[in-house]
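Student: This is a predicted model, with the sequence first.
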Amino acid sequence: MTSAHSFNDPDWLAALPKTPLGHWPTALEHLPRLSAELGGPKIWIKRDDCSGLATGGNKTRKLEYLIADAQSHGADTIVSYGAVQSNHARQTAAACAKIGIDCHLLLSRRVDRRDQNYLNNGNMLFNRLLNAHIHTFDLDDFDEGRKNLLQGLQQQEKTVYEIPAGGSNAIGALGYSRCISELVWQAPFTPTQIVHASASAGTQAGLVFGNAAQGSNIDILGINVFHPDPDTLKQRINSILTSMQQRFGVVQSVANLPIHINHAYFGGAYGQPTQSGLAAIEMFASLEGILLDPVYSGKAAAGLIDQITLGNFDEHEHIVFIHTGGAASLSAYDSVW
């Protein structure tokens, strides 16, 4: 395990407002037993599941910049979006509790699961404990629900700040530009590739932008876990990159930045566990004592494991798997084991 206590933001990031919410830098750990089991490259894990905010996760990094922006606009109410069992929603609720402003979560029942454990346990339980106002809708009714909520808050003269699903926009993505700088600073090696779950596009866009901003040449592979059409994910990443370049500069052009997405581990739908994802969860747990989840990190880990098994990395490479969190939802998926 590596640890560090004096990481400093790159100048361009240090100049931007940020509300402290997490424990940084997150640990970078070698996974010797998993590496030996797979017989390929040296595998490392960036423990963003241990970011310190309500069981942790990648959204803590994004929310530090988003909450700062909300505060700069004088917001007294945050409205954000996701699915039932959204990790982003849980972390948004925690951030609001920490700084003392109201939180409204609009959560869609987009995943085809209706058992009471899924609808009420896991992240949904944490949302209630964190005192969030929870509004659930079927996907077809979501837009109308959002419209009615915002009108109601306006009538109450609330100053509302909306955070997109996953915290994924130009501001939120800054969190992962910071992450890659932190990783390069703390790693006792030169990473060959970063592998992570890619869903709402902000994590991958931030990594790609930060990679370019610091002039490093790390391959970044997003395992698609959300979009049935991977081209949609790529377009979304490009859109965020363009917004970041226009807003923050730093990178002269984002037009030709490499965006690598693997769609092979998506499965039938978002939020539906896959056999390879469940096997990856069990492998990480039994060999390294690390808990993944079946929606995001489990599928990403399945991609990592399969790519190693296929011989796409050699034994001299150092691969970093970013653990984006999500284990808080495991109890809601008890029926899949």
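Tutor: That came through fine.
Student: Quick one: residues contacting the closest residue to Lys46 other than its chain neighbours.
Tutor: Spatially, and ignoring its direct neighbours in sequence, Lys46 is nearest to Ile322 (4.6 Å; Cβ to Cβ, 6 or more residues apart in numbering). C-beta coordinates here come from the backbone N, C-alpha and C atoms, glycine included. Under the criterion of Cβ atoms under 8 Å, 6 or more residues apart in numbering, the neighbours of Ile322 are 45-46, 48, 58, 179, 194-196, 203.
Student: Just the mean pLDDT for stretch 65-76, thanks.
Tutor: Across stretch 65-76, the average pLDDT comes to 98.
Student: Buried ones in that stretch, by neighbour count?
Tutor: Within stretch 65-76, the residues that qualify as buried are 65-70, 75, counting by 16 or more other Cβ atoms under 10 Å.
Student: quick revisit: among the contacts of Ile322, name the ones in helices.
Tutor: 179, 203 (DSSP state H).
Student: circling back to that earlier point, so can I have a markdown table of the buried residues of stretch 65-76 showing distance to Asp229?
Tutor: Formatted as a markdown table, the buried residues of stretch 65-76 follow (distance: Cβ to Cβ, whole Å):
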| residue | distance to Asp229 |
| --- | --- |
| Tyr65 | 28 |
| Leu66 | 27 |
| Ile67 | 32 |
| Ala68 | 33 |
| Asp69 | 30 |
| Ala70 | 32 |
| Ala75 | 34 |
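Student: By neighbour count, which of the contacts of Ile322 wins?
Tutor: Asn58 (33 neighbours; other Cβ atoms under 10 Å).
Student: Identify the single longest helix in this protein, thanks.
Tutor: Longest helix of the chain, by residue count under DSSP H: helix 230-248.
Student: what comes up buried for that one?
Tutor: Of all the residues in helix 230-248, those buried under the rule 16+ other Cβ under 10 Å are 230, 233-234, 236-238, 240-241, 243-245, 248.
Student: Lowest-confidence one in those?
Tutor: Among those, Pro230 has the weakest pLDDT, 92.
Student: Not including adjacent chain positions, what is the nearest residue to that residue?
Tutor: His263 (4.1 Å).
Student: How about Ser329?
Tutor: Once flanking residues are discounted, Ser329 sits nearest to Gly122: 4.2 Å by Cβ to Cβ, 6+ apart.
Student: Likewise for Gly249?
Tutor: Per Cβ to Cβ, 6+ apart, closest to Gly249 is Trp12, 7.7 Å.
Student: Neighbouring strands of the helix or strand that comes right after the longest helix of the chain in the sheet, and parallel or not?
Tutor: On the C-terminal side of helix 230-248, the closest following helix or strand by DSSP states H and E is strand 260-262. Sheet partners assigned to strand 260-262 using DSSP bridges are listed as strand 219-224 (parallel).
Student: Could you figure out how far the partner strand is turned away from helix 230-248?
Tutor: Calculated by axes from the mean of the first three to the mean of the last three Cα atoms, to 10 degrees, strand 219-224 forms an angle of 130 degrees with helix 230-248.
Student: which other residues reach strand 219-224?
Tutor: So strand 219-224 is contacted by 192-199, 203-204, 207-208, 211, 230, 233, 237, 258-263, 265-266, 299-300, 302-304, 307 (Cβ under 8 Å, 6+ apart).
Student: Separate out the buried members of the residues you listed.
Tutor: With neighbours counted by 16+ other Cβ under 10 Å, these contain buried members at 192-199, 203-204, 207-208, 211, 230, 233, 237, 259-263, 265-266, 299-300, 302-304, 307.
Student: ok so, going back, farthest pair within the buried residues of helix 230-248?
Tutor: For the buried residues of helix 230-248, the farthest-apart pair by Cβ to Cβ is Pro230 and Phe248; their separation is 26.5 Å.
Student: I'd like the distance between the most centrally placed residue in the chain and Trp185.
Tutor: Central residue of the chain (Cα atoms, centre = their mean): Asn58, 4.0 Å from the mean position. Distance of Asn58 to Trp185, computed by Cβ to Cβ, to the nearest Å: 18 Å.
Student: The stretch 51-200 of the chain: strands as residue ranges?
Tutor: 77-83, 102-108, 133-137, 160-163, 193-198 (DSSP state E, counting those that start in this stretch).
Student: Would you tell me which of those gets closest to Asn217?
Tutor: strand 193-198 (10.8 Å).
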